[in-house]
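In: sequence first, then the predicted structure, then my questions.
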Amino acid sequence: MNPMNTFFIFTASVFFVTNLFAAEPDWTAYDSLLKAHVKHGQRDGVSLMAVDYVGIKNNPLYPKIIKQIENYDVSTLSNNNEKLSFYMNAYNILAIKMVLENWPVKSIKDVGSLFSSVWKKDVGKINHKIVTLSEIEHQILRKLGDPRIHMAIVCASVSCPDLRDEPYTAASLDQQLDEQSISFLNNSGKGLRIKSNVAEVSKIFDWFEEDFEVLGGVASFIRKYRTDIPAQMKIDADIDYNWNLNINR
């Protein structure tokens, strides 16, 4: 056989094997769960994608999805987009799980206490390892360097960004995260509102201000998605954060 042909066959084989084992989970069940139980609604005067927690709890797909992330081998995630989409989905699934395991609650924060934050409580397993919501957010997602995660991970609260009615996927991630950013910054109830010539924005932009430096800072990020905010307009991260559950009421 021609040595060059052998080289190409070997290269193609390596490519095939690498991609065969570098795949995201099949999120079909999670997609169905979201489409069945996440709908447009309103809570405390804020427009949102409302979550039907009771419906999720009673849906036979729910325990299968929990098992899916428990058993998934994260070493197969080969690039940032695969890691971002997987761990954002996992965070959102496990935030729902935290609520359901303590149902009924008015707020996910009620699960915690003065001495034990809900974010640092064991919430479930990923790849057979016990994790907390804090670990997923701060030790994994933030370190991947895309501040748009803050427009996508949902801590089961009114003032959080909306839970999409579809999973995040590596192939569609940039578009999905841009859509999340646009949606959040056009929601006057929790993302951005103009008041007395000041753009009041979510406290998310204060809490995670340093993460946005890779994109030029908070103001630059906001003006990318809200081109109607002039350069001279002051931006204050002072919209009160509503921790009530993101349910329709």
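Out: Great, that's in hand. Predicted, not measured: the structure shown is a model, and the values here were computed from it. Numbers count the residues shown, from 1 in each chain.
In: elements contacting the longest helix along the chain?
Out: Longest helix in the chain by number of residues (criterion: DSSP state H): helix 80-100. Secondary-structure packing of helix 80-100 (3 or more C-beta pairs under 8 Å, 6 or more residues apart in numbering; DSSP states H and E): helix 53-58, helix 61-71, strand 122-126, helix 133-134, helix 173-185. Backbone N, C-alpha and C define where each C-beta goes, glycine included.
In: residues in contact with K190?
Out: V46, L48, V158, S159, C160, F184, S202, I239, N242 (C-beta atoms under 8 Å, 6 or more residues apart in numbering).
In: read off the pLDDT value for it.
Out: For K190, the pLDDT comes out at 98.
In: could we number from 34 for the rest of this?
Out: OK, 34 is where the count begins now, so the last one is K223.
In: checking the closest residue in space to it that isn't next to it in sequence next. Helix, strand or coil?
Out: Residue nearest to K223 in three dimensions, not counting chain neighbours: S192, with 4.5 Å by C-beta to C-beta, 6 or more residues apart in numbering. Counting by DSSP: H, G, I helix; E, B strand; the rest coil, the backbone at S192 sits in coil.
In: quick revisit: reformat the helices and strands packed on helix 113-133 as JSON lines; add mean pLDDT, mean neighbour count and distance to A264.
Out: Converted to JSON lines, the helices and strands packed on helix 113-133 look like this (pLDDT from 0 to 100; neighbours: other C-beta atoms under 10 Å; distance: least, C-beta to C-beta, whole Å):
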{"stretch": "helix 86-91", "mean pLDDT": "98", "mean neighbour count": "16", "distance to A264": "42"}
{"stretch": "helix 94-104", "mean pLDDT": "98", "mean neighbour count": "17", "distance to A264": "43"}
{"stretch": "strand 155-159", "mean pLDDT": "98", "mean neighbour count": "19", "distance to A264": "42"}
{"stretch": "helix 166-167", "mean pLDDT": "98", "mean neighbour count": "20", "distance to A264": "36"}
{"stretch": "helix 206-218", "mean pLDDT": "98", "mean neighbour count": "18", "distance to A264": "16"}
